[in-house]
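Visitor: model the following, please.
(2 chains)
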Number of protein chains: 2
Amino acid sequence: MKVGVLGSGEVGRRLAGGFVSRGHEVVIGTRTPKKPDLVQWAAGLKGKVQVGSFTDAARDGELVVLAIQGEAAVAAVELAGTPHFSGKVLIDVTNPLDFSKGMPPSLLFGTTDSLGERVQRAAPSAKVVKAFNTVGNGQMVDPHVKGQKHLELLIAGNDAAAKQRVTEIVKSFGWSGTLDVGGIEGARWLEAMVPLWVRAGSALNTFSHVWVVGRD
Amino acid sequence: MKVGVLGSGEVGRRLAGGFVSRGHEVVIGTRTPKKPDLVQWAAGLKGKVQVGSFTDAARDGELVVLAIQGEAAVAAVELAGTPHFSGKVLIDVTNPLDFSKGMPPSLLFGTTDSLGERVQRAAPSAKVVKAFNTVGNGQMVDPHVKGQKHLELLIAGNDAAAKQRVTEIVKSFGWSGTLDVGGIEGARWLEAMVPLWVRAGSALNTFSHVWVVGRD
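Guide: Predicted coordinates:
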């Protein structure tokens, strides 16, 4: 499959690398396609990653990943051209973190709206699935948690088939599966885990920690 | 130690039972001390639990637990008489869940305020520690999660010594320890986990699930 990834930061590269490692091709979209370290990184992936614009990634991807800094996420979707997302699964990895008061962050939209919903409203014909936003980029692919084999990624979205497709991808990345918390408005609560994840990481002095849903 | 527990619902009874099982005495405070099932429940604890008013529980407890429905929590503190909390550790278990649109719930105060902070403002001379609000009452004491020995309870509060005291109690209840996410404003994020916990529980068809902080 050809996957479009909007965003060439650490998260975008990590997920792009995950797709390539599972046999897919990636078009990574960025505002700075000629940035030397990006060109070098893509060259290391042996022709499986093309670097292009947001529009290239959205248009050429059969499935698209949004891995943009929270404040710029909706603008990136609009800049890419919303018709390019039509009917496609759009994995929204973004977090609306508010760093205006420094660390640790708060949320830009509180819990009456979410970036997941804003992305869905910006691209209404896309099938937005919130996923991967609750984990650090080092644990997105091949997650490893001491003593824990059963790892579920928390997801939300309106389209059941799209969530099933994302669940298959998540499993191929080494997770046990997904835990589906409902429609895209569930993104409010998945995004609210992230300021807590940052605080817990500060307390633990690590950012490789993972929320696990334990059961009796 | 004598522990005051404000609230005689399931959560209050569960924690009161936990304290009694660890050798403490409890004064449980309620608006309805003559309620037959409450009297019967207390009688089953062999003189280790007295049933009284909110004031009795706050005044007689060396340490106090607030286990009241979110909407009534601050009023219960005020009704008990805020001077009775002076200098005491006050474990705030409450959640500001908004059921005005039915299930699943949202949060009454979003993420710019929290019930933990409101309780601290209502009783400024108390040492409020947010704790036990992120777990179901069936897992508060002797928590049991399949394949998981390392269980940390998420807490927040302004007073380090109070958090240390709560950590000792949490350990005596069978947890590995606590994960301290900072000052009482951290309650915003601990409370925001609960609407997600409810959604996850609906998906899993259980409410005995527990947030575990996995590490690599």
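Visitor: now the strands for chain A?
Guide: A:2-6, A:25-29, A:49-52, A:63-66, A:89-92, A:97-98, A:106-107, A:127-130, A:152-157, A:177-180, A:210-214 (DSSP state E).
Visitor: please name whichever of the ones you listed is nearest to chain B.
Guide: strand A:210-214 (3.5 Å; CB to the nearest CB). Using the backbone N, CA and C atoms, a C-beta is placed for each residue, glycine as well.
Visitor: next up, phi/psi of the closest residue to residue A:191 other than its chain neighbours, please.
Guide: Among residues not flanking residue A:191 along the chain, residue A:114 sits closest, at 5.2 Å (CB to CB, 6 or more residues apart in numbering or on different chains). Dihedral angles of residue A:114 (phi, psi; degrees, to the nearest 10) stand at phi -150, psi 160.
Visitor: pretty sure residue A:114 sits against residue A:193.
Guide: No. Taking contacts as CB atoms under 8 Å, residue A:114 lies outside contact range of residue A:193: 11.7 Å.
Visitor: the two: who's more crowded?
Guide: residue A:114 (29 against 21; other CB atoms under 10 Å in any protein chain shown).
Visitor: in chain A, which helix has the most residues?
Guide: helix A:187-204 (DSSP state H).
Visitor: any idea how far residue A:125 is from residue A:113?
Guide: 20 Å (CB to CB, to the nearest Å).
Visitor: between these two, which has more neighbouring residues?
Guide: Just comparing residue A:125 and residue A:113: by other CB under 10 Å the higher neighbour count belongs to residue A:113, 17 against 11.
Visitor: so the more buried one versus residue A:127, what's the distance?
Guide: For residue A:113 relative to residue A:127 (CB to CB), the value is 20 Å.
Visitor: same question for residue A:186.
Guide: For residue A:186, the distance to residue A:127 equals 15 Å [CB to CB].
Visitor: the inter-axis angle of the longest helix of chain A versus helix B:187-204?
Guide: Per axes from the mean of the first three to the mean of the last three CA atoms, to 10 degrees, the angle that helix A:187-204 makes with helix B:187-204 is 120 degrees.
Visitor: in contact with the closest residue to residue A:171 other than its chain neighbours, which residues?
Guide: Among residues not flanking residue A:171 along the chain, residue A:177 sits closest, at 5.9 Å (CB to CB, 6+ apart). By CB atoms under 8 Å, 6 or more residues apart in numbering or on different chains, the residues touching residue A:177 are A:152-153, A:167, A:170-171.
Visitor: how does it look with 10 Å?
Guide: A:150-153, A:155, A:167-168, A:170-171 (CB atoms under 10 Å, 6 or more residues apart in numbering or on different chains).
Visitor: great, nothing more from me.
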